[in-house]
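# Starting from these lines, generate the structure:
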Amino acid sequence: VTCKIQVHQDTTPSQLVALILTKRASRQIPREREDPNDFCLRACGQEEYLLGDYPLIQYGYVQQCILCDEDIVLVTMKKKDIDVSDYTVLENPDVDNMKRARPAFSTLTLRKKGKHISSWKIDDSFVFDVNGISRLNCDAANRTVE
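Got it, this is the predicted structure:
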């Protein structure tokens, strides 16, 4: 079942799922009520999901569609039907303790090397190291390090 729904940019995915299920229920033969919490939204043609309770405008797929003046096409999926075992497994840099010489170029890709975590592990915090900052504009009164 396909439908067009116009919503405000601050609508969250869970609110949109509730609207979609309500509209679907009004078009189809009544059956048992579907719980919006059992569904999520997927970008059509991509393996990108709108997870979390953030405004739609904050999702990269939505921003890209707006930028390219394209319709935002989303698919409702039951969360239990998403098979996370088939998704990309990325190297966990914290697990790999071996120091290796890096090539002179960087491909910005993570290679599969043996010790892996699933990219769907949302509980893991995003960690990064700042190696240096240059030409940073800041107020001289608030500077603590010269």
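# in this structure, which segments are predicted with low confidence?
Within the chain, the ranges that satisfy pLDDT under 70 run 1, 29-32, 84-124, 140-146.
# Going along the chain, name the helices of it.
13-27, 60-67 (DSSP state H).
# most packed of those?
Among those, ranked by average contacts under mean count of other Cβ atoms under 10 Å, first place goes to helix 13-27 (a mean of 16). No exception for glycine: its C-beta is placed from N, CA and C like everyone else's.
# on contacts alone, who are the packing partners of that helix?
strand 39-43, strand 74-78 (3 or more Cβ pairs under 8 Å, 6 or more residues apart in numbering; DSSP states H and E).
# related to what we said a few turns ago, got the helices of the chain as CSV, with distance to Asp129 columns?
As requested, these are arranged in CSV below (distance: least, Cβ to Cβ, whole Å):
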stretch, distance to Asp129
helix 13-27, 32
helix 60-67, 24
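# one step back: buried deepest among the helices and strands packed on helix 13-27, which one?
strand 39-43 (a mean of 20).
# so what strands line up beside that one?
Sheet pairing for strand 39-43, assigned by DSSP bridges, gives strand 49-50 (antiparallel), strand 74-78 (antiparallel).
# Which one, of those, ends up nearest to Cys138?
For the strands paired with strand 39-43, the distance to Cys138 is smallest for strand 49-50, at 36.1 Å, taking Cβ to Cβ.
# number of nearby residues for Glu34?
17 (other Cβ atoms under 10 Å).
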